[in-house]
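Novice: coords please:
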Amino acid sequence: MEPADRTPGAPGAPGAPDVFRPHRVVVLALDGLLPFELGIPHRIFGRPRDAGGRPLYEVVTCSVRPPGRVETDADFALHVAHGPEALTTADTVIVPASYELGPVFDRGELTPELAAALALVRPGTRLASICTGVYVLAAAGYLEGRPATTHWADAARFQRLFPRVEVDPDVLFIDDGDILTSAGVAAGIDLCLHMVRRDHGAAVANDVARRTVVPPHRDGGQAQYIERPVPDQQQASTTGARVWALGRLHEPVQLRDMAAQESMSVRTFTRRFREETGVSPGQWLTRQRVERARHLLECTDLSMDQVARDAGFGTAQSLRQHFQAALGVTPSAYRRTFRAGGGNHEGHRGGEGGGERTAAAAGTGK
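Specialist: As a prediction, this is how the structure comes out:
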């Protein structure tokens, strides 16, 4: 299915009746790809539907060569039905990881066929990478002077090869508006869910997460996945305190009360909490309250004052400050965009929204 014609006078053009067109996501399959990561965009973007049951996204896989065989890092190859011309139709282009990037990985230089393929991407198209797919974006010059992340085990090497990229090795993903990058492997799920959330709101993204049997958000960044000495198996967890706090977001929640739920001192609790989630208790709590506010803004008619009270911010001014710091928009603007039954048909194009550094840290307080 090709996207609708947008020339003047065509359906969907200014002055003509609006025509539904799903947002087209084109996934660039390179030799040596990891099948798991290639499948992430298809699974996440293949689920969302509008109120009428129409798919909000169309996902297409393409190669840098004419349609045909693409090698994987597994004991099977794939037949990809689209060549690089599919990139000309993309609203979003996603580059998953590959183990056979050759000069891209070794010297930070694109191969001629990869350069020719990327030249077909239209200006303003949203770009995203999963894991070491970020090497392709950096070699193409898209990341000069911009923040990016990749798998924690590759971050130092990536920074040496591309010194003008602002590498953050600690986060699960970075949203810099029209360019998004994720950490390794399963962080691609976090990134794609974030893009759905950014395009169509938390309710749609949460439904996708439930159907995919993954959490809508993961606490913390990559630091928690780096190998360290194995902790004492008798060591207590802070899980109970988090469950307790989630049931009381509308109330004042003090750090000492959370620590008391686990019979720990505040100091020990704070250390264990950060070890388990990658963020402080205060940051985690603010994030949960922002998510609660998002849900209420999307799904209820509550006033801003009531949303603020129910989410635990107390006042509409506090809600506005925390919400805008986390998401880059005011609560009222968010409600207008993502009200249940509303939203747009095409989602966001490149450059709209954005600004989040990590699936876990977005929405945190200081």
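
Novice: Tell me where this structure has helices.
Specialist: 35-45, 103-107, 112-118, 134-139, 155-161, 187-200, 202-212, 239-246, 255-261, 266-277, 281-299, 304-311, 316-327, 331-338 (DSSP state H).

Novice: would you list those helices in CSV and tack on mean neighbour count and mean pLDDT?
Specialist: Yep, even glycine has a C-beta here, placed from its N, CA and C like the rest. Formatted as CSV, those follow (neighbours: other C-beta atoms under 10 Å; pLDDT from 0 to 100):
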stretch, mean neighbour count, mean pLDDT
helix 35-45, 21, 96
helix 103-107, 15, 95
helix 112-118, 16, 97
helix 134-139, 25, 97
helix 155-161, 16, 95
helix 187-200, 26, 94
helix 202-212, 19, 90
helix 239-246, 16, 92
helix 255-261, 17, 95
helix 266-277, 17, 91
helix 281-299, 22, 92
helix 304-311, 19, 95
helix 316-327, 19, 92
helix 331-338, 18, 86
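
Novice: With residue 89 as the reference, name the closest of these.
Specialist: helix 112-118 (13.2 Å; C-beta to C-beta).

Novice: if I look at residue 248, how far off is residue 239?
Specialist: 15 Å (C-beta to C-beta, to the nearest Å).

Novice: Now for the closest residue to residue 74 other than its chain neighbours: which residues touch it?
Specialist: Counting by C-beta to C-beta, 6 or more residues apart in numbering, residue 35 is the residue found nearest to residue 74 once chain neighbours are left out, at 5.6 Å. Contact analysis of residue 35 by C-beta atoms under 8 Å, 6 or more residues apart in numbering lists 72-74, 76, 78.

Novice: same check, this time on residue 294
Specialist: Shown in contact with residue 294 (C-beta under 8 Å, 6+ apart): 201-202, 327, 334, 338.

Novice: same check, this time on residue 122
Specialist: If you count contacts by C-beta under 8 Å, 6+ apart, then residue 122 has 88, 90 around it.

Novice: Tell me the spacing between it and residue 55.
Specialist: Residue 122 sits 22 Å away from residue 55, taking C-beta to C-beta as the criterion.

Novice: now do residue 113
Specialist: For residue 113 relative to residue 55 (C-beta to C-beta), the value is 31 Å.

Novice: Excluding residues flanking it in the chain, which one is nearest residue 315?
Specialist: Here the residue nearest residue 315, using C-beta to C-beta, 6+ apart, is residue 308, at 5.6 Å.

Novice: Surely that neighbour and residue 321 touch.
Specialist: No - between residue 308 and residue 321 there is no contact under C-beta atoms under 8 Å: 10.4 Å.

Novice: ok, the residue nearest to residue 74 to residue 84 distance?
Specialist: Applying C-beta to C-beta, the value for residue 35 to residue 84 is 21 Å.

Novice: Kindly report the same for residue 169.
Specialist: 31 Å.

Novice: repeat for residue 257
Specialist: 57 Å.

Novice: swap in residue 194?
Specialist: Applying C-beta to C-beta to residue 194 and residue 84 gives a distance of 27 Å.

Novice: repeat for residue 138
Specialist: 20 Å.

Novice: and what of residue 190?
Specialist: 28 Å.

Novice: On the pLDDT front, check residue 173 for me.
Specialist: Note on residue 173: pLDDT of 93.

Novice: scratch that, residue 237
Specialist: For residue 237, pLDDT reads 84.

Novice: That one touches residue 273, doesn't it?
Specialist: No - counting by C-beta under 8 Å, residue 237 stays clear of residue 273, with 9.6 Å between them.

Novice: So for those two, which residues contact both of them?
Specialist: Contacts common to residue 237 and residue 273, judged by C-beta under 8 Å, 6+ apart, are absent.

Novice: Now do the contacts for residue 146.
Specialist: 165-166, 176, 179.

Novice: Kindly recompute the last result at 6 Å.
Specialist: residue 176 (C-beta atoms under 6 Å, 6 or more residues apart in numbering).

Novice: Phi, psi for it please.
Specialist: phi -120, psi 160 (degrees, to the nearest 10).

Novice: Nearest the geometric middle of the protein, what residue?
Specialist: residue 191 (2.4 Å; C-alpha atoms, centre = their mean).

Novice: What residue, apart from its backbone neighbours, is nearest that residue spatially?
Specialist: In space, residue 191 is closest to residue 182, 3.8 Å off (C-beta to C-beta, 6+ apart).

Novice: residues touching that neighbour, list them.
Specialist: 130, 173, 188, 191.

Novice: I'd like the distance from stretch 87-100 to the chain centre, please.
Specialist: 15 Å (C-alpha atoms, centre = their mean, to the nearest Å).

Novice: try stretch 324-344
Specialist: With C-alpha atoms, centre = their mean, you get 17 Å for stretch 324-344.

Novice: likewise stretch 66-85?
Specialist: The answer for stretch 66-85 is 26 Å, by C-alpha atoms, centre = their mean.

Novice: With adjacent residues omitted, what lies nearest to residue 215?
Specialist: residue 209 (6.4 Å).
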